[in-house]
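[1] just need the structure, nothing else, for what follows:
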Amino acid sequence: MVAFRFRVTGRVQGVGFRWFTRAAADRAGVVGWVANEPDGSVTGEVRGESHAVERFLTEIQRGPAASAVTEVVRQTIASSSAGTEFTMFEIRR
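    Sure thing, here's the model as predicted:
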């Protein structure tokens, strides 16, 4: 199992990016959360098997058709230090 915090910049708010991210997580079989940030970016955490997390991160780098992803930055986190263990991928406000 691996866990990452991620931050996505570009045109990623107002284009269905969080819903796209949740669908990508469901397809990859990973758990975590995603949220909009005041600066226009989208952040979140993802946990799962290494290959599944990589698939998820690759997919969100493309984003939905209306988006324009500039960058996806990820930071490794320890699953145990990240707090709540998730059973699904949730959209936060």
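[2] could you give the mean pLDDT of the helix or strand harbouring L57?
    Counting by DSSP states H and E, the element that carries L57 is helix 50-62. Average pLDDT, helix 50-62: 97.
[3] show me which residues of it are buried.
    Neighbour-count burial for helix 50-62 flags 52-53, 55-57, 59-60 (criterion: 16 or more other C-beta atoms under 10 Å). Just so you know, the C-beta spots here come from the backbone N, C-alpha and C atoms, and that holds for glycine as well.
[4] what do you get for stretch 20-35?
    Quick answer for stretch 20-35 (16+ other C-beta under 10 Å): 20-22, 24-25, 28, 30-34.
[5] which of these fall within strands?
    31-34 (DSSP state E).
[6] and of those, the nearest to A66?
    Comparing these against A66 with C-beta to C-beta places V34 closest, at 16.4 Å.
[7] roughly how far apart are the closest one and E59?
    Distance, V34 to E59, by C-beta to C-beta, to the nearest Å: 13 Å.
[8] picking up where we left off before, what's in contact with the helix holding L57?
    Outside of helix 50-62, the residues within contact range by C-beta atoms under 8 Å, 6 or more residues apart in numbering are 1-2, 4, 6, 8, 20-21, 24-25, 27-30, 46-48, 69, 72, 74.
[9] the residue nearest to T76 when sequence neighbours are not counted: neighbouring residues, count only.
    When the adjacent residues along the chain are set aside, T76 lies closest to F4, with 5.9 Å between them (C-beta to C-beta, 6 or more residues apart in numbering). Residues within reach of F4, counting by other C-beta atoms under 10 Å, total 22.
[10] ok, F4 touching V46?
    Yes. Judged on C-beta atoms under 8 Å, F4 makes contact with V46 at a distance of 5.5 Å.
[11] list the contacts of the residue nearest to V31 when sequence neighbours are not counted.
    Excluding its sequence neighbours, the residue lying closest to V31 (C-beta to C-beta, 6+ apart) is F86, at 3.9 Å. Each residue near F86 by C-beta under 8 Å, 6+ apart is listed here: 31-33, 47.
[12] now F86, what are its backbone angles?
    phi -90, psi 150 (degrees, to the nearest 10).
[13] per-residue confidence for it?
    For F86, pLDDT reads 82.
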